[in-house]
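> what would the 3D arrangement of this be:
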Amino acid sequence: TELDAVVKNSIAYLKTRSSNKVEFVIDLSENTYAKVNITLIEWVFENLIKNAIDAIKGDGIISVSVQQLDKGVAIDVSDNGKGIPRHRFKTVFEPGYTTKERGWGLGLSLTKRIVEEYHKGKIFVKESEPYKKTTFRIILQNT
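Okay, here's the model as predicted:
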């Protein structure tokens, strides 16, 4: 599946459901393909982007980039929200972890399962600096 189209569709869907104070920046490489279940990977993008919207409190910048790697594709979802402390980089993916008043803390744990178990990829917090940049990276194989 060409990932550029999947990312564009996910962002278009979320743009209509978010504040006009959210700026979306998209950086896509052409012809980036990965073997994915479109419905599941769209849900992954939607969950990461909704979390980013929450992190910026509906007013900030969310960027999504897709780049070709030697043996796969890297997808970065970044925001300029509150950030994640370094000691939480791994625990954010545990079931029940949440910083929200509402919710069960299952979004990132399901995201991790979809990426790693179903798609045999990887997902991790690449970097985080409060109110500057937090980036989640997904790596998928293209074969």
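
> shaky segments in the chain?
Within the chain, the stretches with pLDDT under 70 are 143.

> in it, which helix is the longest?
Criterion DSSP state H: the longest helix present in the chain is helix 38-55.

> by contact count, what packs against that one?
helix 3-15, strand 60-69, strand 72-79, helix 107-113, strand 133-140 (3 or more C-beta pairs under 8 Å, 6 or more residues apart in numbering; DSSP states H and E). Where C-beta positions appear, they are placed from N, C-alpha and C, glycine not excepted.

> mind listing the residues bridging to the closest residue to Ser78 other than its chain neighbours?
For Ser78, ignoring the flanking residues on the chain, the nearest one in space by C-beta to C-beta, 6 or more residues apart in numbering is Thr135 at 4.3 Å. Beta bridges link Thr135 to Ser78, Glu127, judged by DSSP bridges.
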